[in-house]
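> 3D model of this:
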Amino acid sequence: MSYRRLSSMLPVFALTIAANTAPPSVEISRPFDLKPGWQLLVTQGPETPDPFGAGTEKVPGELHLCVTRDDGKSCRPSLDTMLVRAGQATIYDRPRYLEDVRIIRPEPNHPLLWVQAASLHGGNGDQVVGTMVLGYDQAGDRFVPVYDLKTGRNNNQAVRYIENGPLRGAIISAEPTSDAPFAFWITVNRLGTSQRYAPVLRYRSVTRYGDGNPLPVIDSDMPETLRRLKLWAPGTPPPHPAHCSAPRLTHGALWCGDLAPAAPRR
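I've put the predicted structure just below:
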């Protein structure tokens with residue numbers, strides 16, 4: 001059994017916006033079979049001083065992300081707050097980098113808009129990374145969030161849409177635990193009857209923080225994920241990414257014989 005990663009999909013576009021680069025806007029009428037005019041309108045403010053750098057250093061300006069059908073006169077909705085977390089406001093609450101926009105299809109006739117954006121980098125290089133998935137609400141004539149998660153980046157956090165295989169259409173996230181044994185919370189979300197994503201599985205990974213496994217956490221824990229969902233049975237060939245030519249299980253986690261152990265990354 002093998003499965004493909006998100007990168008095998010055909011994106012509307014996928015990029016990181018650098019300073020002084022005009023961000024694109026994305027037409028979304030055709031994928032959703034809507035009247036012309038719908039788009040994710042992306043505009044970016046002027047560069048601002050780097051709060052962690054020298055006085056002359058600049059960082060990209062704030063992004064304004066607007067799902068609109070009238071060239072931005074109204075947003076249906078605005079995604080400007082997609083990085084805001086509970087608690088006191090911080091400089092990381094507004095998107096500065098648009099990392100990924102694409103159309104995903106958990107069902108052939110059910111398109112969804114996938115958006116990932118990130119904040120300023122902190123002094124240690126970390127960021128707030130927001131992943132939001134939106135569906136079209138015909139009754140309200142607007143797009144509405146059906147999945148929303150905010151993570152960091154420095155501790156191998158990840159959010160992935162699964163394109164095919166037994167988990168096709170699912171969204172899996174990996175987030176580090178805060179107590180020993182240090183590992184990751186693996187959460188599998190499926191699209192429910194409400195047409196929103198909801199968790200169907202959450203567990204502490206068999207992958208350990210700092211184990212030296214060069215595979216991404218979601219890949220290394222895929223056998224355990226599928227085992228818990230009764231989609232794979234131990235004793236049969238383990239599920240593995242297509243690029244892993246010699247998969248093996250070590251304490252329940254997937255390692256690849258063609259990938260040499262690296263320095264701990266988790």
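
> all contacts plus neighbour counts: C-alpha atoms, from now on.
Noted.

> Helices of this structure, residue ranges please.
Ranges of helices in the chain, per DSSP state H, are 217-220, 222-228.

> distance of the nearest residue to I171 once chain neighbours are set aside from V115?
Nearest residue to I171, sequence neighbours excluded (Cα to Cα, 6 or more residues apart in numbering): Y161, at 4.5 Å. According to Cα to Cα, to the nearest Å, Y161 and V115 sit 11 Å apart.

> repeat for P234
36 Å.

> Could you do I218 as well?
20 Å.

> Which one of these two is surrounded by more residues?
Using other Cα atoms under 10 Å as the criterion, I218 and V115 rank with I218 on top: 26 against 22.

> OK, contacts around that one?
158, 172-174, 186 (Cα atoms under 8 Å, 6 or more residues apart in numbering).

> what do you get if the cut-off is 10 Å, keeping everything else the same?
5, 156-160, 172-175, 184, 186-187, 205, 207, 224-225, 254 (Cα atoms under 10 Å, 6 or more residues apart in numbering).

> Mind checking which of these are in strands?
If you go by DSSP state E, the contacts of I218 have 158-160, 172-175, 184, 186-187, 254 in strands.

> From those residues, list just the buried residues.
Buried members of those, scored by 16 or more other Cα atoms under 10 Å, are 158-160, 172-175, 184, 186-187, 254.

> so which of those would you say is closest to L34?
Closest approach to L34 among these (Cα to Cα): R160, at 26.8 Å.

> Just to check, that closest one is in contact with R168?
No - assessed by Cα atoms under 10 Å, R160 is found out of contact with R168, at 11.2 Å.

> How many residues are close by E163?
What E163 shows, counting by other Cα under 10 Å, is a neighbour count of 21.

> before we move on, what about T236?
8.

> and what of G212?
15.

> And it, how close does it get to I171?
Distance from G212 to I171, by Cα to Cα: 25 Å.

> go on, A158?
A158 is 10 Å from I171, by Cα to Cα.

> partners of the closest residue in space to I186 that isn't next to it in sequence in the sheet?
Of all residues not flanking I186 in the chain, A174 sits nearest, at 4.8 Å (Cα to Cα, 6+ apart). Assessed by DSSP bridges, A174 has beta-bridge partners A158, I186.

> so what's A174 up against?
Contacts of A174 (Cα under 10 Å, 6+ apart): 151, 155-160, 183-188, 202-205, 216-218, 221.

> Ok, Y197 next?
133, 145-148, 169-171, 188-191.

> rerun that using 6 Å as the cut-off
Listed by Cα atoms under 6 Å, 6 or more residues apart in numbering, the contact set of Y197 reads 146-147, 189-191.

> just to revisit the earlier point, pLDDT and distance to C75 added to the ones in strands among the contacts of I218, as TSV?
Formatted as TSV, the ones in strands among the contacts of I218 follow (pLDDT from 0 to 100; distance: Cα to Cα, whole Å):
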residue	pLDDT	distance to C75
A158	96	28
V159	98	26
R160	97	27
I172	98	28
S173	98	28
A174	98	31
E175	97	31
F184	97	36
I186	98	33
T187	98	31
L254	96	44
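
> ok, T187 - contacts?
By Cα under 6 Å, 6+ apart, the neighbours of T187 are 172-173, 201-202.

> of the residues you listed, closest to T43?
Lowest distance from T43 to the contacts of T187 (Cα to Cα) belongs to S173, with 28.5 Å.

> Map the structural domains onto the sequence of this protein.
8-151, 155-266 (automatic domain parsing).

> Please identify the most buried of the helices of the chain.
Per-stretch averages of neighbours, counted by mean count of other Cα atoms under 10 Å, single out helix 217-220 among the helices of the chain, with a mean of 25.

> Does the closest residue to Q116 other than its chain neighbours have any beta-bridge partners, and if so which?
Setting aside the residues directly before and after it, Q116 is nearest to T131 in space (Cα to Cα, 6+ apart), at 4.5 Å. Here T131 sits in beta bridges with Q116, L149, going by DSSP bridges.

> Kindly report the same for the one 5 residues further on.
Beta-bridge partners of Y136, counted by DSSP bridges, are F143.
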